[in-house]
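Chemist: return atomic coordinates for the entry below.
(chains A and B)
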There are 2 protein chains.
Amino acid sequence: MNARFGFLLFDQFEDLDFVGAWEMLALWSQKFDGPNELFIINEQGGLVKSVKGLSIQSHTDFGSCPALDYLLVSGGQGTRTAVSNKQLISFIETQSKNCKQMLSVCTGAFLLQAAGLLTNKTATTHWASLDRLKAFTDVNVVEQRYVNDGDIWTSAGVSAGIDMVLAFIAATAGEVVAGDIQLLAEYYPQLRIYSNSKNYLPAYVANR
Amino acid sequence: MNARFGFLLFDQFEDLDFVGAWEMLALWSQKFDGPNELFIINEQGGLVKSVKGLSIQSHTDFGSCPALDYLLVSGGQGTRTAVSNKQLISFIETQSKNCKQMLSVCTGAFLLQAAGLLTNKTATTHWASLDRLKAFTDVNVVEQRYVNDGDIWTSAGVSAGIDMVLAFIAATAGEVVAGDIQLLAEYYPQLRIYSNSKNYLPAYVANR
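Modeler: Numbering: from 1, shown residues only, chains lettered A, B, ... in the order given. Sure thing, here's the model as predicted:
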């Protein structure tokens, strides 16, 4: 399909937030007529560094990035400073006017919020940041694996971007395309839940 | 823990093969006393390019890489040529003599095989490559999410590296450490299986 899909990165993005979503999107693009142009975007272009120490080459910068049809915003520790980056928030806001859908993974939701996109929307984020998001009283915060509300998709933490993008593809291109991508990525996770020292489980798991 | 964990990349590695495993390992390293030195390794060093178009900066090359305690080999389209790369196979073979455990994701198993490490071992790979692996009659090929046989860990395709590494961490550092990493990465995937056009499901899913 003739469409531009952007991935917004910034210093200290969370590695799997981005690459989980990227893998599903790129499989769609390369094998099943998904968006034909994918852009990894960074404010200044060049290499962008993750929380865990990956350095990834971006494709374009804020000045050169064309108008997008879809924009996915990663989360990570870097969102704590990115929310105060006026150029970055303004980039999201400007792109949203052209985009059919906007997506965030993990704490990327805080960047959509800062761009004014979560007002009167139902949204989610990483379990440990739900209370911070609830401080914005015009956002209806829920603890779900992912949420779609109109033109906004938000997901829970890190790995949840994979589930969100598969659901987004199913909604956009049909269930069988999502299923073919799930099969190629062999995304049939084991069901094992290891017990953790916090004795915490997201509500969407506890209620299964 | 005082240990060196290496990730072997090569031209046309599969993006999520690497980053899924990387995220879990790096969480262990940064937050829960996992291996204190992580190395992204590429034959010549520099940027290494994935199947889906990521360019990732490696940390070291074959000449400079120190002796490792653990080595994880990614899969991807590039394995088709990498199996014939004598320097690469010899690197795996040499490192295996020092390593406590060797791991592969997806078609990375073919590189372990070429280095002679799967002889009389039980192993797995991406569902679409199981028959190719069975051609090596001294390998006991099974269709499982992941397999541990002695000092060798192999996983099914792409996303299965996440499950394998969590199980590897549980075996090495205990179940609660694996659980704490699972919680931080919020790795509680939805259970949804989309139907695919091939009407195929891996045996480990079909038998659930």
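Chemist: now the strands for chain A?
Modeler: Along chain A, counting by DSSP state E, strands occupy A:4-8, A:37-41, A:47-49, A:55-57, A:70-73, A:101-104, A:122-123, A:140-141, A:146-149, A:152-155.
Chemist: hey, which of those is tucked in deepest?
Modeler: When you average the neighbours per residue for each of the strands of chain A (mean count of other CB atoms under 10 Å in any protein chain shown), strand A:152-155 leads with a mean of 28. For the C-beta atoms, the positions are set from N, CA and C on the backbone; glycine is no exception.
Chemist: so which elements touch that one?
Modeler: Applying 3 or more CB pairs under 8 Å, 6 or more residues apart in numbering or on different chains; DSSP states H and E, one finds that strand A:152-155 makes contact with strand A:101-104, helix A:109-114, strand A:146-149, helix A:160-173.
Chemist: which one in chain A is furthest away from the centre?
Modeler: A:Ser197 (27.5 Å; CA atoms, centre = their mean).
Chemist: distance-wise, check A:Arg132 relative to chain B.
Modeler: Distance, A:Arg132 to chain B, using CB to the nearest CB, to the nearest Å: 15 Å.
Chemist: do A:Ala109 as well
Modeler: 13 Å.
Chemist: now do the same for the closest residue to that residue other than its chain neighbours: its pLDDT.
Modeler: Using CB to CB, 6 or more residues apart in numbering or on different chains and skipping the chain neighbours, the partner closest in space to A:Ala109 is A:Thr125 (4.2 Å). A:Thr125 carries a pLDDT value of 98.
Chemist: wait, doesn't A:Thr125 sit right on A:Phe110?
Modeler: Yes - if you go by CB atoms under 8 Å, A:Thr125 and A:Phe110 touch, sitting 7.1 Å apart.
Chemist: returning to that earlier point: now the helices and strands packed on strand A:152-155 in a markdown table, with mean pLDDT and distance to B:Val165?
Modeler: Shown next, in a markdown table, are these (pLDDT from 0 to 100; distance: least, CB to CB, whole Å):
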| stretch | mean pLDDT | distance to B:Val165 |
| --- | --- | --- |
| strand A:101-104 | 98 | 25 |
| helix A:109-114 | 98 | 27 |
| strand A:146-149 | 98 | 23 |
| helix A:160-173 | 98 | 15 |
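Chemist: contacting residues for the residue nearest to A:Ala109?
Modeler: A:75, A:104, A:106-110, A:132-133, A:141, A:154, A:156-157 (CB atoms under 8 Å, 6 or more residues apart in numbering or on different chains).
Chemist: repeat the analysis, applying 6 Å as the threshold.
Modeler: A:107, A:109, A:133 (CB atoms under 6 Å, 6 or more residues apart in numbering or on different chains).
Chemist: and what of A:Lys86?
Modeler: By CB under 6 Å, 6+ apart, A:Lys86 has no neighbours at all.
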